[in-house]
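Novice: Predicted model and sequence follow; I will ask about them next.
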Amino acid sequence: MLIKAVELASTFPPSGRVVPEIDRDDIREIIRHSYRIVYRVSAEAIDVLTVFEGHRLLPKGAVPED
């Protein structure tokens, strides 16, 4: 189920919502059941940065500063 969500995001990366804790357009997330899948969009691919329980805030250090 989570893998299918990531596969879908890879076909249309902007489909994920902008992560509310971060002010960056290249960092997106998909919420599936009780999980948040946070990924970075680049010209060539998406990179999954973290997967965690949806009731928690984004873990510190999960998103690179660049």
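Specialist: Arrived safely, thanks for sending. Numbering: from 1, shown residues only.
Novice: partner residues bridging the residue nearest the centre of the chain?
Specialist: Residue closest to the mean C-alpha point of the chain, counted by CA atoms, centre = their mean, is Val38 at 1.9 Å. As for beta bridges, Val38 partners with Glu29, Thr50 under DSSP bridges.
Novice: my read: it touches Ile31, true?
Specialist: No: Val38 lies out of contact with Ile31 (CB atoms under 8 Å); the separation is 10.1 Å. Every residue, glycine included, has its C-beta placed from N, CA and C.
Novice: contacting residues around Asp25?
Specialist: Each residue near Asp25 by CB atoms under 8 Å, 6 or more residues apart in numbering is listed here: Val18.
Novice: Quick check on it: phi, psi?
Specialist: Here is the backbone geometry of Asp25 (degrees, to the nearest 10): phi -80, psi -20.
Novice: Which pLDDT does the model give it?
Specialist: What the model reports for Asp25 is a pLDDT of 91.
Novice: Repeat that for Pro20.
Specialist: 89.
Novice: Assign it to helix, strand or coil.
Specialist: coil (DSSP: H, G, I helix; E, B strand; the rest coil).
Novice: How many neighbouring residues does it have?
Specialist: Counted with other CB atoms under 10 Å, the neighbours of Pro20 add up to 9.
Novice: how far away is it from Ile3?
Specialist: To Ile3, Pro20 is 24 Å away according to CB to CB, to the nearest Å.
Novice: for Ala62, same thing?
Specialist: On the measure of CB to CB, Ala62 and Ile3 end up 19 Å apart.
Novice: Same drill for these two, tell me which one is more crowded.
Specialist: Neighbours were tallied for Ala62 and for Ile3 using other CB under 10 Å; the higher tally belongs to Ala62 (16 against 8).
Novice: quick one, what contacts the more buried one?
Specialist: Neighbours of Ala62 in contact, by CB under 8 Å, 6+ apart: Val38, Leu49, Thr50, Phe52.
Novice: List buried residues within those residues.
Specialist: The neighbour-count test (16 or more other CB atoms under 10 Å) marks Val38, Leu49 as buried among the contacts of Ala62.
Novice: I'm done for today, thanks for sticking with me.
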